[in-house]
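[1] 3D model of this:
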Amino acid sequence: MLPPFIKLIFAEFYDYCSSLDEAEETFPFDKNTLVFKKKNKIFALANTFDFEFINLKCDPIETLELREKYHGIRPGYHMNKKHWNSVYVNQDVPDALIYKLIQKSYGLV
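    Numbers count the residues shown, from 1 in each chain. So this is what the prediction gives:
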């Protein structure tokens, strides 16, 4: 079971992604991995069971810059490391930046 603060963070992530135009949610991989798509292209995914990080699509040059600047931004777990980052929600990445990265990921698809 998730601690209350993690549930709140997940709810905010879910609400934000759901509010984006043409965003659709799916569970194509398993019952715990929530995937948000736009026009059938993935822009965000996260584990609903433990919600440690969000995988987000990113510009290849920016992926490297973000990884150097933030400990909580790492190569995308189970994703193409050139185009995806895993953004850890309970580390040094500010919430405002997380929302900006979700928006950028959404814009790339």
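[2] going forward, measure contacts and count neighbours with C-alpha atoms only.
    Will do.
[3] contacting residues for residue 21?
    Contacts for residue 21 (Cα atoms under 8 Å, 6 or more residues apart in numbering) come out as none.
[4] quick one: residue 19 from residue 25, how far?
    11 Å (Cα to Cα, to the nearest Å).
[5] Same drill for these two, tell me which one is more crowded.
    residue 25 (16 against 10; other Cα atoms under 10 Å).
[6] Could you tell me how many residues sit around residue 83?
    Residue 83, neighbours per other Cα under 10 Å, totals 18.
[7] Quick check, it in contact with residue 57.
    Yes. Counting by Cα atoms under 8 Å, residue 83 touches residue 57, with 5.7 Å between them.
[8] lowest average confidence, helix or strand, in the chain?
    helix 4-19 (a mean of 80; mean pLDDT, DSSP states H and E).
[9] What's the first helix or strand after that helix?
    Sequence order places strand 23-26 as the next helix or strand after helix 4-19, per DSSP states H and E.
[10] Which strands or helices does that following strand pack on?
    helix 4-19, strand 33-38 (3 or more Cα pairs under 8 Å, 6 or more residues apart in numbering; DSSP states H and E).
[11] try 7 Å
    strand 33-38 (3 or more Cα pairs under 7 Å, 6 or more residues apart in numbering; DSSP states H and E).
[12] need the next SSE after the strand it packs on, C-terminal direction.
    Note on strand 33-38: by DSSP H and E, the next helix or strand toward the C-terminus is strand 41-47.
[13] Run through who's touching the helix or strand just after that following strand.
    Counting by DSSP H and E, the next helix or strand C-terminal to strand 41-47 is strand 53-57. When contacts are defined by Cα atoms under 7 Å, 6 or more residues apart in numbering, strand 53-57 is touched by residues 43-46, 76, 83-89, 102, 105.
[14] Let's see which of those end up in strands.
    Among the contacts of strand 53-57, the members found in strands (DSSP state E) are 43, 44, 45, 46, 84, 85, 86, 87, 88.
[15] For residue 66, grab the count of nearby residues.
    Using other Cα under 10 Å, residue 66 has 18 neighbouring residues.
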